[in-house]
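K.L.:
Below is the sequence, then the predicted model.
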2 protein chains.
Amino acid sequence: MVFLKQLCISSGSVLRRYIQTSSRRQVELTSIRYPGVKRGNYGVVVDNDIATFERLIPGRVLTDSLEGYNTDWLKTCRGASQVVLRPKSTEEVSAILKYCNEKKLAVVPQGGNTGLVGGSVAVFDEIVISTQLMNNIISLDEISGTLVCQAGCVLASIEDYLSEYKLTIPVDLGAKGSCHIGGNVATNAGGVRLLRYGSLHGSVLGLEAVLASGEVVDCLSTLRKDNTGYDLKQLFIGSEGTLGLITAVSLNCPQKPQAVSVAFLGCESFQRVLDIFKESRHKLGEVMSAFEFMDSHSMVVAKENLKLKSPIGDFPFYVLIETSGSNGSHDEEKLSQFLEHVTSSEIVQDGTVATEPTKIQYIWSIRERLAEGLLHDGYCYKYDVSLPLSSFYGLVEAMRERMGNMVTRVIGYGHVGDGNLHLNLTSPEYSSEVMKKIEPFIYDWVADQKGSISAEHGLGFKKKDFIYHSKSKSAVRLMKDIKRTFDPNMILNPYKVLPDL
Amino acid sequence: MVFLKQLCISSGSVLRRYIQTSSRRQVELTSIRYPGVKRGNYGVVVDNDIATFERLIPGRVLTDSLEGYNTDWLKTCRGASQVVLRPKSTEEVSAILKYCNEKKLAVVPQGGNTGLVGGSVAVFDEIVISTQLMNNIISLDEISGTLVCQAGCVLASIEDYLSEYKLTIPVDLGAKGSCHIGGNVATNAGGVRLLRYGSLHGSVLGLEAVLASGEVVDCLSTLRKDNTGYDLKQLFIGSEGTLGLITAVSLNCPQKPQAVSVAFLGCESFQRVLDIFKESRHKLGEVMSAFEFMDSHSMVVAKENLKLKSPIGDFPFYVLIETSGSNGSHDEEKLSQFLEHVTSSEIVQDGTVATEPTKIQYIWSIRERLAEGLLHDGYCYKYDVSLPLSSFYGLVEAMRERMGNMVTRVIGYGHVGDGNLHLNLTSPEYSSEVMKKIEPFIYDWVADQKGSISAEHGLGFKKKDFIYHSKSKSAVRLMKDIKRTFDPNMILNPYKVLPDL
């Protein structure tokens, strides 16, 4: 067991750099851009409140230069928080929430602020409670692979830490250099390893959360199995900070693979992408750890906006397959048998395989930096949907046809293995006309196919009103009942996830 | 997609045979054995109710020969239900529950009735709602491996069905010949494949449940990812029929392994079992699909009560390792390298490897039929706990020392890979004196080690009062709030899971 090793936030991450260089652009206030949303009947922070906060967490109450805390990563939402609180412990979070609940002061929990649906910034003047300073590893059991840590640990830092013990973390995503594990759990982050290790609903062994009342709910179990009563932790996973503020998590961490390979393939149609997927499931089986696709329009973004080079020629579609396992030569043999098959049967037109870490990283960066690349166009209308594979790419084509010259581009990429499409449209700046052309058309299209209007990004502020496109009335009614039970004063992350509360 | 193929309950299963041959033994009524439990203020079934049920589900209302529905598999609990209802559809379940809720008639949902904590039979005269006739496959998507079926499908029948499509089911347990998938999900069944495929919280993609009010909650998604609102289905998983009656489930089914091998090993101490586990994680990695252990006292049960032969000599401890993967020769190479290592370093004393299905099945039967074998002794005091590996077998030794000659035997076996110990004590018949010597001592011991008093069996009727040994007061309070929200009249499976409601 290893105790209390402090993790530093990894500096120089791609995301962080982007935020710094583009923060000069002023984003319209959310309350102005969305005039239909009305401020709830919450208290307003006054000097006396600030003094109380200062007493509870001395020196960690910010009231100046809050721009970074008020603006979301996509530069599409801006709140008007007047105060940011940076607790270090669960007890401090508890004391803060108890006070806010008594005074009916609304709060917004914030991790790395890398969310894509406006869920981690204020809509009006909610108080930001940041987990930035809650970044301690609490314990690691090397044999079982159980890690316990505070919510504010940065994902990439945890990965680095586990790496020393030949372990890895079961969740990985583009924002890893900035996002916090607490935020990952609160939003049920998916990412590129879900195909292999499953969702956080399976990997999170336990968590600790503070309710609006300040009461601490201790479900921080380190056991792989525990069937004693309702599995409360599951409710907090994906509730986007509306039921409680997650302060610590316990994770089941798999063995670090001893060998990793990445294949980058080009093919002629989306049907070919599906063919490759089917063959890879059969031939690569348990060593396949990622299956990603991107279209030629995505590659243009990588080349023009990010100055990245494609490792192969030009094709309508690209596939990135990662294998990782305990025996490199076995994995390579499986991969080469698979490649021989898909090449000889002309499913794949061209491809390259990387086994060296820097090359692997370069290929991954083409896929992972697309979200960043899109922001160079100006404004990004971002959609993240689940669809049956039969209609998966049809949505991209339908949107491209519908939007015509109204937008700069329409691109599709994502996690084919999980049925998860990232559909993005860009324009030089936000346009309500473009928005009206996109929504609710896109959600209706997805609902018609029985898809999900948010596969992994959550509903946050921007998508809450479309919940009925993916969930039944009886389900949403139960969610509202649960919200009222957990947070009777509705102070936790208001205007998010559930409509018309 | 394959629609509406009816599954027959597989006949001649081990469990079913056992129930038939031993049903002559009369079990004491639960209300008499546990005089401290008082009947709730529920309605009593009268002729008029029976007539209504007969109108709702004509010909499927049973009022005679209810012994099999009233007695649990272990022969430790007996209810006094006067009526068993056998709906075929969700609509019928809804109509039944709506009526029962209005009349405040308590109900107990029942699947295969193979539970081990008295959760699936009545405590007093609750109405049994059986899922026996809800056994249709609704759909199968072969490419994504998504199965949708009614709750009453028998686990082994689903496995057989999937096998035709080169798919497998992510949950497997000894009771597979009788248990229903709805019951598996309602109790969050673990079993021998959890090590490989994770828990049902990860594998269940969606479910449909009927609330006490009769309202149908449709969360029957077939999507791998869906972050739209709270993940309600998670609450039903493991709630043991106290929040709603699960009527259908959607499961993520993995590819059927192309090659399976089983190694059965003997070693000198429990420390050696842990050494083998550590080495197997490193050397077998992603192809290890089960790691089970049993002690020499378990082997005596297999030999004497079940007339099974050990494939190797006598040792204090035995380990069963299963590998399964997409490439037989790769798996065999990994397994032989691993075995060479553990044998040459004298971690393992003796062992055998099986690759032929009948031999594999025989070895598995030694481990899987232990629960059945124990019943030959008379009464079985059954415990299923999670413990840190450091104190895992210590509990068996502590109990053996404590009980001395008061019991026939104390045996330990289980899923080392998941930290899950099955501890069993037997005596010729039930004795409250023996019980008092075991409980609460055993739960205190587990709580001291921060373990779980129920790893996979659930709390049911027998263990509900010990929930505080594994869950905090604030967590249990929230569970009670949720129960009241979902089932205000408390008609669903009363006297189970939560204490003092």
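P.N.:
In hand now; what should we look at? Since the structure is predicted, the reported quantities are computational estimates derived from the model, not experimental observations. Numbering: from 1, shown residues only, chains lettered A, B, ... in the order given.
K.L.:
contacts and neighbour counts: CA atoms only from here.
P.N.:
Will do.
K.L.:
Give the buried residues for the lengthiest helix in chain A.
P.N.:
Across chain A, the longest stretch assigned as helix under DSSP state H is helix A:328-344. Residues of helix A:328-344 classed as buried under the neighbour-count rule (16 or more other Cα atoms under 10 Å in any protein chain shown) are A:328, A:330-332, A:334-336, A:338-339, A:341-342.
K.L.:
Of these, which is the nearest to chain B?
P.N.:
Closest to chain B out of the buried residues of helix A:328-344 is residue A:330 (6.3 Å), distances taken as Cα to the nearest Cα.
K.L.:
Can you name the residues that contact that closest one?
P.N.:
By Cα atoms under 8 Å, 6 or more residues apart in numbering or on different chains, the contact list for residue A:330 reads residue B:330.
K.L.:
If I look at it, what pLDDT would I see?
P.N.:
Looking at residue A:330, its pLDDT is 95.
K.L.:
returning to that earlier point: excluding its own residues, what touches the helix or strand that the longest helix of chain A is followed by? List them.
P.N.:
With elements assigned by DSSP states H and E, the helix or strand that comes after helix A:328-344 is strand A:350-354. Residues from elsewhere that reach strand A:350-354 (Cα under 8 Å, 6+ apart): A:261-267, A:311-313, A:343, A:360.
K.L.:
So which of those residues sit within helices?
P.N.:
Counted as lying in helices by DSSP H, out of the contacts of strand A:350-354, are A:343, A:360.
K.L.:
Mind picking the two most distant members of the contacts of strand A:350-354?
P.N.:
A:343 and A:360 (21.0 Å; Cα to Cα).
K.L.:
wait, what's in contact with residue A:389?
P.N.:
Counting by Cα under 8 Å, 6+ apart, residue A:389 has contacts A:274, A:416, A:419.
K.L.:
Leaving out sequence neighbours, find the closest residue to the residue nearest the centre of chain A.
P.N.:
Centroid-nearest residue in chain A, with Cα atoms, centre = their mean: residue A:189, separated by 4.4 Å. Excluding its sequence neighbours, the residue lying closest to residue A:189 (Cα to Cα, 6 or more residues apart in numbering or on different chains) is residue A:456, at 5.8 Å.
K.L.:
thought the one you found was touching residue A:384?
P.N.:
Yes. If you go by Cα atoms under 8 Å, residue A:456 and residue A:384 touch, sitting 6.9 Å apart.
K.L.:
Show me where the stretch 251-400 of chain A has its strands.
P.N.:
Per DSSP state E, counting those that start in this stretch, the stretch 251-400 of chain A carries strands over the ranges A:259-267, A:288-295, A:317-325, A:350-354, A:379-386.
K.L.:
follow-up on the earlier one: which one of the contacts of strand A:350-354 sits closest to residue A:160?
P.N.:
Using Cα to Cα, these come closest to residue A:160 at residue A:360, 17.1 Å.
K.L.:
out of everything not next to it in sequence, what's closest to that closest one?
P.N.:
Leaving aside its sequence neighbours, residue A:360 sits nearest to residue A:354 (Cα to Cα, 6+ apart; 5.6 Å).
K.L.:
what's around that neighbour, how many residues?
P.N.:
Other residues near residue A:354 come to 17 when the count uses other Cα atoms under 10 Å in any protein chain shown.
K.L.:
Who does it form a beta bridge with?
P.N.:
Here residue A:354 sits in beta bridges with residue A:262, going by DSSP bridges.
K.L.:
Next up, the contacts around the residue of the stretch 1-150 of chain A found nearest chain B.
P.N.:
Closest residue of the stretch 1-150 of chain A to chain B, Cα to the nearest Cα: residue A:143 (6.9 Å). Neighbouring residues of residue A:143 by Cα under 8 Å, 6+ apart: residue B:278.
K.L.:
Could you do residue A:50 as well?
P.N.:
residue A:61.
K.L.:
can I assume it sits in a helix?
P.N.:
Yes. The assignment for residue A:50 is a helix, going by DSSP: H, G, I helix; E, B strand; the rest coil.
K.L.:
quick one on the thing from earlier: need the per-residue pLDDT for the residue nearest to the centre of chain A.
P.N.:
At residue A:189, the pLDDT recorded in the model is 96.
K.L.:
what's the helix or strand for it?
P.N.:
Going by DSSP H and E, residue A:189 is not in any helix or strand.
K.L.:
mind listing what it touches?
P.N.:
A:171, A:199-200, A:238, A:456-457.
K.L.:
any idea how far it is from residue A:39?
P.N.:
28 Å (Cα to Cα, to the nearest Å).
K.L.:
residues from the stretch 401-501 of chain A in reach of chain B?
P.N.:
A:418-420, A:451-459, A:467, A:470-472, A:474-476, A:478-479, A:481-482, A:485-486, A:497-498 (Cα under 8 Å from any Cα of the partner chain).
K.L.:
Include secondary structure when you put the contacts of residue A:189 into CSV, please.
P.N.:
Output for these, formatted as CSV (three-state DSSP):
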residue, secondary structure
A:171, coil
A:199, coil
A:200, helix
A:238, coil
A:456, coil
A:457, coil
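K.L.:
Pass me the low-pLDDT residue ranges in the stretch 401-501 of chain A, would you?
P.N.:
Scanning the stretch 401-501 of chain A for pLDDT under 70 picks out no residues.
K.L.:
show me where it has helices.
P.N.:
Under the criterion DSSP state H, counting those that start in this stretch, helices of the stretch 401-501 of chain A are mapped to A:432-438, A:441-448, A:473-486.
K.L.:
Which one of those lies nearest to residue A:378?
P.N.:
Short answer: helix A:432-438, nearest of the helices of the stretch 401-501 of chain A by Cα to Cα, at 13.5 Å.
K.L.:
quick one: the residue sitting furthest away from the middle of chain A and chain B, what's the gap?
P.N.:
What lies farthest from the middle of chain A is residue A:344; by Cα atoms, centre = their mean that is 37.7 Å. Residue A:344 is 21 Å from chain B, where distance means Cα to the nearest Cα, to the nearest Å.
K.L.:
try residue A:313
P.N.:
29 Å.
K.L.:
next one: residue A:273
P.N.:
The value you get for residue A:273 to chain B, if Cα to the nearest Cα is used, is 13 Å.
K.L.:
And for residue A:410?
P.N.:
23 Å.
K.L.:
Neighbours of that residue, how many?
P.N.:
The tally of other residues near residue A:410 (other Cα under 10 Å) stands at 21.
K.L.:
What parts of the stretch 1-150 of chain A come near chain B?
P.N.:
Residues of the stretch 1-150 of chain A lying near chain B (Cα under 8 Å from any Cα): residue A:143.
K.L.:
So, low pLDDT: which residues of the stretch 1-150 of chain A?
P.N.:
A:1-25.
K.L.:
where do the helices sit along it?
P.N.:
A:14-22, A:30-33, A:47-56, A:67-70, A:90-103.
K.L.:
closest to residue A:70 among the contacts of residue A:389?
P.N.:
Once Cα to Cα is applied, the member of the contacts of residue A:389 that ends up nearest residue A:70 is residue A:419, at 32.7 Å.
K.L.:
Count residues in the vicinity of the closest one, would you?
P.N.:
With other Cα under 10 Å as criterion, residue A:419 counts 22.
K.L.:
that older thread, make CSV out of the contacts of residue A:189 and add distance to residue B:113.
P.N.:
Formatted as CSV, these follow (distance: Cα to Cα, whole Å):
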residue, distance to residue B:113
A:171, 37
A:199, 30
A:200, 31
A:238, 33
A:456, 37
A:457, 40
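K.L.:
want to throw these into JSON lines with neighbour count?
P.N.:
Listed next are the contacts of residue A:189 as JSON lines, based on neighbours: other Cα atoms under 10 Å in any protein chain shown:
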{"residue": "A:171", "neighbour count": "25"}
{"residue": "A:199", "neighbour count": "24"}
{"residue": "A:200", "neighbour count": "25"}
{"residue": "A:238", "neighbour count": "29"}
{"residue": "A:456", "neighbour count": "24"}
{"residue": "A:457", "neighbour count": "26"}
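K.L.:
Please parse chain A into its domains.
P.N.:
A:13-130, A:137-252, A:259-370, A:378-470 (automatic domain parsing).
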